[in-house]
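**Student:** I need the structure of the sequence given here:
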Amino acid sequence: RSCCFEDVPVLALSCYEEEREWCNEYEACTHVGMVFTTSASSAKTTPAGTPTTTTKTISINDLCNQDVLTNKHQHSICVEECSQRSCCFEDEPALSCYEEDKEWCRQYQACTLVGMVFTTSASS
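**Tutor:** Residues are numbered from 1 along each chain as shown. Modelled structure (predicted):
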């Protein structure tokens, strides 16, 4: 039930809010420092509701790694995050922003793990 205690501030990898009752069956884990992740203020909480904030940030490379090939949930999260720069992967070269801002687009190179391809004028 590691998703109950997922330490990813993006919260998309945490299942605690959706499966609260199921996760709370492992409340004893909070006695050894594990805390449940909730969406409230990007905070983590114990079942008693005592929040502890986190400041860790996550990169696209953390979200879109080799695990996306075998983990459907993480694959979905990666695709969703990659959509923030969808113009980099636009099929139609005339609509693609890749040529205009290669450096910005290349920050999302990890999105190629979920089948996204940079569109350049040379690839048309």
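
**Student:** strands of the chain, start to end?
**Tutor:** With strands called from DSSP state E, the chain shows them at 36-37, 43-45, 51-53.

**Student:** tell me the mean pLDDT over the last one?
**Tutor:** Averaged across strand 51-53, pLDDT comes to 44.

**Student:** ok, the first one next?
**Tutor:** Mean pLDDT, strand 36-37: 66.

**Student:** just the second one next, same as before
**Tutor:** The pLDDT scores in strand 43-45 average 45.

**Student:** could you point out the longest helix in the chain?
**Tutor:** The longest helix of the chain (DSSP state H) is helix 72-82.

**Student:** list the buried residues in it.
**Tutor:** Neighbour-count burial for helix 72-82, with 16 or more other CB atoms under 10 Å as criterion, is recorded at 74-75, 77-79, 81-82. Yep, even glycine has a C-beta here, placed from its N, CA and C like the rest.

**Student:** how far does that helix sit from its chain's centre?
**Tutor:** In this view, helix 72-82 has its centroid 6 Å away from the chain centroid, taken as CA atoms, centre = their mean, to the nearest Å.

**Student:** helices or strands next to that helix in the packing?
**Tutor:** Helix 72-82 sits against helix 60-63, with contacts defined as 3 or more CB pairs under 8 Å, 6 or more residues apart in numbering; DSSP states H and E.

**Student:** packing partners for the helix it packs on?
**Tutor:** Using 3+ CB pairs under 8 Å, 6+ apart, helix 60-63 sits against helix 72-82.
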